[in-house]
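> Structure for the following, please:
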Amino acid sequence: MRKLALGAAFVAAGITFHALPASADKLDDVLARLDKIEKNNAKLAGENAALRSQINKHDAAAVRNATPAKPGMSPAAAAVLATRTPTPPPALVAPEIDANGHGFFEHKKGNPLTFYTPGGEITGYGNIDVSVDDTTKALSGNINNNPVFTGQSEPFPSGNFGWLPAISSNASFLGVRGFQRMPNFPANFVYQLEVGFDVSNTPGAKQSNAALSNSVNGALFNRNTYIGFANPEWGAIKIGKTNTPYANSTGGFNPFSGEIGSMNVIMGNTGGDNRVEFGGRLDHSIWYESPTIGGFQFNALFSPGQNRSDISDNIAAGESDCTGGNDPTSGGLFPNGCEDGAFSNAVSADLSYTRGPFYATVAYERHFKVNRQSDVSGIYGVGAQNQTNFALVNCPVGGAGCFPNAAQLAVYNADVADEDAFKVAALYTFSTKTTVGGIFEMMHRYVSPLIAFQNERTRNGTWLFFTQELSPVDSFSGGWAHAFKAQGDPGQHNTPFGTTPIPGSTGTDCGNGCGLFAMDNDNEADMLTANYKHKFGSNLTWYTAVAMTINGPSAHFDLGAGGHGVTTDCHSAWGASGGSTSDPHCWVGPTLAGVSTGLQWRF
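Alright, predicted model coming up:
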């Protein structure tokens, strides 16, 4: 009807105004256009209704989420605040996840100090050990006062050779170790960073009354530190600095590690003082650690000497100390140089076997071109402060400041030689929770017969120990070390003389070396020790230890060598200020004793 009415209206209008001729075709076109317009209007109305509905919903949400008006706010401001749309919070960024599903530094359950890193793990660890000691250098006043010795400026030991209390930091360290998996590579990258530190004293250059070292305890990273690759099937190759395989092979034989009665007082200690030659740490090393196969495990290490000198008297390239410890001015040695045990290349290896409670090992270590020429210059009284080894060797025989005869110079030149150590060891833990073990060790210095009279480095040693677990938190241990008589003895301040003249000491051209005889090499020694330990938890231990070193008439073994912070040695207080002006005197033959109690926290 509506279309018909509209059509009639248009027809009437056309007839009335006579504007255009009317026809049926033109009328149909007009009606079609009007129908299309009507449909478009209906569509727009629907879209408008939908849009209005969305706006209403948005306004309602804005009112619900609007920031409430603050007290005292004007009605106009409150109205604006109520209708304002709040700022959406920033998007949360997911933590980095590696291919194994772990985030960076995500804590690993089961170990409080292990965290995940991209493709690997990192673990913190450490040891803090502090003790209170009381030690004496002359139990019962038994210094060997040689009647023939006139004493020069010191007829008897100066200073306090008796009981002396001390607080000691003992082998304390902190470190991190970890690994990272290597895509498309058959081994993991492994690393360790370790630093030693002192709890009770200020870090600095290591200096005692008889030795000076440029090594700083607390410097990053002064202890076992390395990088390398490891695979459980073929083992590990590492490079850096570490305790040698020779040292690690018998680490489980020393329940007194870091204490005044450590087995290192005698084992691996060729000279008997407070430096352990075999059983320590070697810098600039590369080593291999095999997997355990059928109970067997093998380790081997090589340390290049990095020393341009043919006689090892230079500081190794890249180092701050002479290899083996001490700096060129240590102990008042003349001439100044690395002539107190420095060496060039070194090798170390061990093979062990473990089966249940039984463990056995054999180990070997060799130091090449070990320079001990300061012993000879001291015997003959030759050399001067600031004089170099090159100058002394090339100084014309008989000249001022030179060796007075060729025999003495020959002895001096011969005192550069290889040294090695070999040991076999075994231990067993019984069902009674009793562990017993022992070590037999042979050490050798390959010098010519010309200087055998002063070779204290060729000798044997033994170590026996036991540990009895008294309860899950209490244990008691005892140990005995014995140093056998050495081939010779270079002599110390009050060492008795023998009856055999030394080379170059007879005739009229012997200078200060006239009338000298080989020293008595009665240098056997025994060290006895015991401790009691109580655990307050899984990693906190209180211990009390006693120890005694009984030196033979020519021996000078100490207490505390190999890890205890405060050592008790043979030196008196006379001339013991350290450095190039020091002239420490070692009194042989004492019985040293001490007691120590401390806390050790491992994590």
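> When you work out contacts or count neighbours from here on, use the C-alpha atoms and nothing else.
Noted.
> number of nearby residues for residue 235?
By the other CA atoms under 10 Å criterion, the neighbourhood of residue 235 contains 17 residues.
> how close does it get to residue 446?
Distance from residue 235 to residue 446, counting by CA to CA, to the nearest Å: 34 Å.
> do the same with residue 113
Between residue 113 and residue 446 the computed distance is 48 Å (CA to CA).
> And residue 344, by the same measure?
Distance, residue 344 to residue 446, using CA to CA: 15 Å.
> Compare neighbour counts for residue 113 and residue 446 and give me the winner.
Counted by other CA under 10 Å, residue 113 and residue 446 do not tie: residue 446 has more neighbours, with 17 against 14.
> Now do the phi/psi pair for the more buried one.
When read as degrees, to the nearest 10, the backbone of residue 446 gives phi -90, psi 70.
> Quick one: residues contacting it.
Shown in contact with residue 446 (CA atoms under 8 Å, 6 or more residues apart in numbering): 417-419.
> go again using 6 Å as the cut-off
By CA atoms under 6 Å, 6 or more residues apart in numbering, the contact set of residue 446 is 417-418.
> Please apply the same query to residue 193.
Counting by CA under 6 Å, 6+ apart, residue 193 has contacts 175-176, 225.
> So it versus residue 173, what's the distance?
From residue 193 to residue 173 the distance is 11 Å (CA to CA).
> Same question for residue 474.
Residue 474 is 25 Å from residue 173, where distance means CA to CA.
> and what of residue 388?
On the measure of CA to CA, residue 388 and residue 173 end up 37 Å apart.
> ditto for residue 563
Following CA to CA, the distance that separates residue 563 from residue 173 is 12 Å.
> can you map out the strands along the stretch 301-450 of the chain?
Remark: strands assigned in the stretch 301-450 of the chain by DSSP state E, counting those that start in this stretch are 346-355, 358-371, 416-429, 434-445.
> From the rest of the structure, what touches the third one?
To tie it back to what came earlier, the one meant is strand 416-429. With contact meaning CA under 6 Å, 6+ apart, strand 416-429 is reached by 357-371, 435-447.
> Buried among those? Need that as a selection in ChimeraX.
Buried residues within these, by 16 or more other CA atoms under 10 Å, are selected in ChimeraX with:
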select :359,360,361,362,363,364,365,366,367,368,369,370,371,435,436,437,438,439,440,441,442,443,444,445,446,447
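> Pull out the buried positions in stretch 261-276.
With burial defined by 16+ other CA under 10 Å, the residues of stretch 261-276 counted as buried are 261-276.
> State the number of residues packed around residue 540.
The number of residues packed near residue 540 is 16, by other CA under 10 Å.
> Kindly report the same for residue 99.
Residue 99: 8 surrounding residues under other CA under 10 Å.
> quick one: the closest residue in space to it that isn't next to it in sequence and residue 183, what's the gap?
Distances taken as CA to CA, 6 or more residues apart in numbering place residue 119 nearest to residue 99, at 7.0 Å, with adjacent residues excluded. For residue 119, the distance to residue 183 (CA to CA) stands at 9 Å.
> And for residue 167?
Counting by CA to CA, the gap from residue 167 to residue 183 is 50 Å.
> Who has more neighbours out of the two?
residue 167 (18 against 9).
> and that one, what does it touch?
Residue 167 touches 131-132, counting by CA under 6 Å, 6+ apart.
> check which helix or strand covers it.
Secondary structure assigned from DSSP states H and E places residue 167 in strand 164-169.
> Show the average pLDDT along the next helix or strand after that strand.
Counting by DSSP H and E, the next helix or strand C-terminal to strand 164-169 is strand 173-180. Summarised as a single mean, pLDDT over strand 173-180 is 96.
> Next: stretch 496-514.
So the average pLDDT for stretch 496-514 ends up being 90.
> Likewise for stretch 548-562?
The average of the pLDDT scores along stretch 548-562 is 94.
> cool, and stretch 329-339?
Rounded mean pLDDT across stretch 329-339 is 72.
> what's the span of it from first residue to last?
10 Å.
> My read is that residue 191 contacts residue 227, right?
Yes - between residue 191 and residue 227 there is a contact under CA atoms under 6 Å: 4.2 Å.
> Mind checking which of residue 388 and residue 173 has more residues around it?
More neighbours surround residue 173 than the other of residue 388 and residue 173, with 22 against 15 (other CA under 10 Å).
> Tell me how far that one lies from residue 495.
Per CA to CA, residue 173 is found 39 Å from residue 495.
> Next: residue 160.
Here the criterion is CA to CA. By it, residue 160 lies 20 Å from residue 495.
> more neighbours, the two?
Using other CA under 10 Å, the more surrounded residue of residue 160 and residue 495 is residue 495, with 26 against 12.
> center of this protein - which residue?
A centroid search over the chain (CA atoms, centre = their mean) returns residue 223, at 2.5 Å, as the residue closest to the centre.
> just checking, that one touches residue 192?
No - at 9.9 Å, residue 223 does not count as touching residue 192 under the criterion of CA under 6 Å.
> Isn't the residue nearest to residue 99 up against residue 182?
No - counting by CA under 6 Å, residue 182 is not a contact partner of residue 119; they are 7.9 Å apart.
> Redo the contacts of residue 193 as JSON lines? Include neighbour count and distance to residue 304.
Listed next are the contacts of residue 193 as JSON lines, based on neighbours: other CA atoms under 10 Å; distance: CA to CA, whole Å:
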{"residue": "175", "neighbour count": "18", "distance to residue 304": "25"}
{"residue": "176", "neighbour count": "17", "distance to residue 304": "26"}
{"residue": "225", "neighbour count": "22", "distance to residue 304": "17"}
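> low pLDDT regions in the stretch 351-500 of the chain?
Residues of the stretch 351-500 of the chain meeting the criterion pLDDT under 70: 385.
> all helices for this structure, in order.
Applying DSSP state H to the chain gives helices spanning 2-17, 24-65, 75-83, 245-248, 373-380, 389-393, 406-414.
> and the ones you listed, which one is worst for confidence?
helix 2-17 (a mean of 41).
> ok so, going back, would you turn the strands of the stretch 301-450 of the chain into TSV with distance to residue 574?
Listed next are those as TSV, based on distance: least, CA to CA, whole Å:
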stretch	distance to residue 574
strand 346-355	36
strand 358-371	27
strand 416-429	30
strand 434-445	31
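> Nearest to residue 336 among the ones you listed would be which one?
strand 358-371 (12.5 Å; CA to CA).
> Quick one: list the elements packing against the closest one.
Counting contacts by 3 or more CA pairs under 6 Å, 6 or more residues apart in numbering; DSSP states H and E, strand 358-371 is packed against strand 346-355, strand 416-429.
> and of those strands, who's closest to residue 338?
Checking those against residue 338 by CA to CA gives strand 416-429 as the closest, at 11.4 Å.
> orientation of that closest one relative to strand 434-445 in degrees?
170 degrees (axes from the mean of the first three to the mean of the last three CA atoms, to 10 degrees).
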